[in-house]
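1. Here's my sequence, what's the structure:
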Amino acid sequence: MVKKKSTEVITVVVEEEPPNPPDGIEEVREPQSKMPIFRNPNYQHQTLIGGKKKTWRSLKQIVAHEKSLPWPPDTPLYSNISAPPALKPPKKYSDISGLEAKYTDPQTKLFYSSSDEFATIRSLPSDIIAGFLTLRGANNPIP
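-> Okay, the predicted model is just below:
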């Protein structure tokens, strides 16, 4: 009977530094990838709540559910939250071309963006001007 010798293989990893770059050239080393501190590596997103799978609901479903429950009168809900008025004035667009308008015709109250449009506005009959103003939703069309 022949006994076999147990041979252990030991591997040694030797890290050698790369040769130095020539003078005048700086070498930029990337930091080793580290896990961000603020992330918990053991965290798992919970998709089951109380044995049921979590489902996403649309805004209509949320509003309908809020209406069905008895809430105190001062509770903020999706249906009664309102935004404050905008601080910036709304943009004005030309009634003729649809481009951003910098000017308003004082006689017809139409918005225009160039001198060519101004000449066109001045040559329009009053019924067309009234039509443009009603399309825009102006309060007082010219008679």
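
2. What are the phi and psi values at Tyr112?
-> Torsion angles at Tyr112 (phi, psi; degrees, to the nearest 10) stand at phi -150, psi 160.

3. swap in Thr104?
-> Reported as degrees, to the nearest 10, the phi and psi values for Thr104 are phi -130, psi 130.

4. Number of residues surrounding it?
-> By other C-beta atoms under 10 Å, 13 other residues sit near Thr104. Just so you know, the C-beta spots here come from the backbone N, C-alpha and C atoms, and that holds for glycine as well.

5. Could you give the number of residues near the nearest residue to it once chain neighbours are set aside?
-> In space, Thr104 comes closest to Phe111 once its chain neighbours are excluded; the distance is 5.6 Å by C-beta to C-beta, 6 or more residues apart in numbering. Burial of Phe111, expressed as a neighbour count using other C-beta under 10 Å, amounts to 23.

6. confidence score at Phe111?
-> pLDDT, Phe111: 96.
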